[in-house]
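Peer 1: dropping the sequence and predicted coords here.
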Amino acid sequence: MRVLLKEILDCDPDAAWRALRSPAVLQEVSSPLMALHSEEATGFPTIWAAGAHPVGLHALGLIPFGQQRIDLAVSTRQHGSVRILRDTGRGVSGPLAILTRWDHTMAISADPAGSGKTLYRDQLIFEAGPATLALWPSFWAFWQWRMRQLKRLAPSWRLDLGVDDPDFVSGSPVPGSGVDGVSPTFSAPDTGDSPLPS
């Protein structure tokens, strides 16, 4: 099953890209329906790197909802103008362990209308065997909530270039940086078409 959303966020694409990779933003857009806490020894980083990140979940902040592994990959498309964050993790325990497929892709690019704002596309593909159809309304509703929260928060986002990039040297953003000032840690070569429809 698939949930697909597309909206214009009231912030510039660099600020949206930084926010999208922030565990704090994920916690805020999920609240109060779902609370997340890090299961990593060092806790949540300021910005997630590619790779696996275990998290614990509590529905409504109170009811234990099991553990999930967030498994992130980052790529760019269309000559770096579209930045993509993809989570192909899975539920480890609790209700989400029933899922047999989890493919959540978020794409950031400039608003095609030239407004300086961000075109945000979000696609979730999930499977849970015979339970897939029954789960779709819950995921659809949660994704609507996430989008509402993203739109509410976006005007407050700004890019603090260098705060989370150890390779950044003040006054020299180009050397050692990736696409649009993003650290090479967060970029990958263009290897094909975007998984999101335009």
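Peer 2: Sure, I can see it. Numbers count the residues shown, from 1 in each chain.
Peer 1: and the longest helix seen in the chain, what other elements does it pack with?
Peer 2: Using DSSP state H to define each element, the chain has its longest helix at helix 132-153. Counting contacts by 3 or more Cβ pairs under 8 Å, 6 or more residues apart in numbering; DSSP states H and E, helix 132-153 packs against strand 2-9, helix 23-30, strand 118-127. Where you see a C-beta, it was placed from the backbone N, CA and C, and this is true even at glycine.
Peer 1: show me the one of these that comes nearest A110.
Peer 2: Comparing those by their distance to A110 (Cβ to Cβ), the top pick is strand 118-127, with 6.7 Å.
Peer 1: what does that closest one rub up against?
Peer 2: With contacts defined as Cβ atoms under 8 Å, 6 or more residues apart in numbering, strand 118-127 is touched by 1-9, 11-13, 15-16, 99-112, 132, 135, 139, 143, 146-147, 150, 154, 195-197.
Peer 1: helices or strands up against the biggest strand by length in the chain?
Peer 2: Counting residues, the longest strand in the chain under DSSP state E turns out to be strand 63-77. Secondary-structure packing of strand 63-77 (3+ Cβ pairs under 8 Å, 6+ apart): strand 51-59, strand 82-87, strand 90-91.
Peer 1: right, and the ones you listed - which one's nearest S31?
Peer 2: strand 51-59 (10.5 Å).
Peer 1: now the angle from the closest one to strand 63-77?
Peer 2: 140 degrees (axes from the mean of the first three to the mean of the last three Cα atoms, to 10 degrees).
Peer 1: now strand 51-59, how far from the centre of its chain.
Peer 2: Computed by Cα atoms, centre = their mean, to the nearest Å, the separation of strand 51-59 from the middle of its chain amounts to 13 Å.
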